[in-house]
Structure formats: C-alpha cells, structure tokens
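Enquirer: Turn this into a structure:
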Amino acid sequence: MISMPDYQTILLDLDGTLTDPTEEMISSAKYALKQFGIKERDPERLNLFTTIPLLHCFEENFGLTREQADQAFIHYWYYAGTFGVGKNRPFDGVPEMLQKLHSQGKTLCIATARQTKNVEQILKTLNLDQYFTIIMGASEDESRRTKKMIIFDLLCDLPDHTGQNVIMVGDRTVDITGAKDNALDSMAVTYGAESVEDLLQLNPTYVVNNVSEMAAILLGEEETADLHMSGS
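Expert: Residues are numbered from 1 along each chain as shown. Predicted coordinates for the structure are as follows:
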C-alpha cells in the first residue's frame, strides 16, 4: 500500500469545491446585465457565467466595453454580497467532512478569488466559518487577485508551516497551477467548473470525483485514497 502524506494544513477553494454557486452566479449576472438594459433569459447563455471569468464573459459574450464590464463586475458583486449569499450552498457531505477534519486537529483555510468579506458572509450563513483558521480571498483594492498570490499571502500568515504538510484543493486549473507555483501538493476535484481533461493535463497530486473521495484522502483513509493518486 502506498503511504499517504499526513496533511496538517488544508487550503480549500470555495466555489465548485465546497459549495455549488450556480444559482448565486446566475442571479448576480442577471442583475448586472439588467443595469445595462440587457434582460437575458436564455439559460445556456446565463450558464456561461459559471465557466468563463466574469470580465471576459461580460465583454466577449454580452458585448460590453471594458469600462462597462468593470462596472458590471461591481454590480455583480454588489448583488452577490447583498442578496446572493444564501444561494451558495454546500455540496452533500461537505459540512460533515469539515467537522471531521477539524476534530482531527487539521488547520483548514479558504483560498479563493472571491473578496474575503463576501467569503466570510457565505461561510457564516452556512455555519461553516467555525472550521477555518484563515479565510483568504482577493483584496478589495485588487492588488491580490490571482490564485498564486492568494495562496502565497495565506501561507505567509500561517505559523510554522512546511510545504510537505500543506495541500491545495480546488476545481479549477488556477488552483492546481497556484499550488505548484507555491511548491504545494494539489488535489483536483472533477465535479466543479473546469473540464476533467484540462485538470488532468496539469498532473495534480490527486484527482477526486466527489466529496467522499476528497474526504478519504484528507482524512487519511488510505485504502480508498490510494485509488485516486496521480501517476506523477
């Protein structure tokens, strides 16, 4: 049997990894578009916001200028922070997994491209904030926006961490590349926004298809976890 690392610090993405943000994202996008007179009702077009970065989606798929897209970005996050918080829901099994990891003494942190205040609102609403030592998102002045920078700043705030006992878990390629850029192991989840093919190309340390498989590895249940290790 392959020996599994004992990860003491676990960095977790939020959207698409711990929670399903689909309803929140579409509602926020509809609100932002409405501010420019666009009343989009086509589900397929609205679903683009779940897979394409916001600014690109506003510009490339809805014809906004860069200046308008910047304003739409502000409208989007205003709605998300004011009305969308309760529409972001945890995937089945996530609260139970976090409780078990916390009871094992693991240091749990959030590393997400959302603004930190918005993440704190969501976690508090879901009663999940109690499990996290650090919640690190994008800065309000946009000086910290990339996942590489977010992970780096989070690691700087962690006392006595070593790269050998830290793992980054996420559903997007930026989560995997951000982990590699900071010399961390990574876990790619295949049920989020990114295609499985794109994730596999980056050769993450682990690939999991559901929350149960994620929990098996993070909780050290080796017999199950061994089946999902990357070939690297």
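
Enquirer: so is G105 in a helix, a strand, or just coil?
Expert: coil (DSSP: H, G, I helix; E, B strand; the rest coil).

Enquirer: residues in contact with A113?
Expert: Shown in contact with A113 (Cβ atoms under 8 Å, 6 or more residues apart in numbering): G137, A138, R145, T146, K147, I150, V174. (Each C-beta comes from the backbone N, C-alpha and C, glycine too.)

Enquirer: measure M25 to L218 for me?
Expert: In this view, M25 and L218 are 26 Å apart by Cβ to Cβ, to the nearest Å.

Enquirer: on that earlier part again, let me know the closest of the contacts of A113 to Y191.
Expert: V174 (16.8 Å; Cβ to Cβ).

Enquirer: Do a quick rundown of the helices in this structure.
Expert: 22-34, 43-46, 54-56, 62, 66-82, 94-103, 116-125, 147-157, 173-181, 196-201, 211-218, 222-225 (DSSP state H).

Enquirer: The fifth one to helix 22-34, inter-axis angle?
Expert: Relative orientation of helix 66-82 and helix 22-34, computed by axes from the mean of the first three to the mean of the last three Cα atoms, to 10 degrees: 140 degrees.

Enquirer: looking just at contacts, which helices and strands does helix 66-82 meet?
Expert: helix 22-34, helix 54-56, helix 116-125 (3 or more Cβ pairs under 8 Å, 6 or more residues apart in numbering; DSSP states H and E).

Enquirer: got those helices as a markdown table, with mean neighbour count and distance to R41 columns?
Expert: Compiled in a markdown table, the helices and strands packed on helix 66-82 are given as follows (neighbours: other Cβ atoms under 10 Å; distance: least, Cβ to Cβ, whole Å):
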| stretch | mean neighbour count | distance to R41 |
| --- | --- | --- |
| helix 22-34 | 20 | 9 |
| helix 54-56 | 15 | 19 |
| helix 116-125 | 19 | 26 |
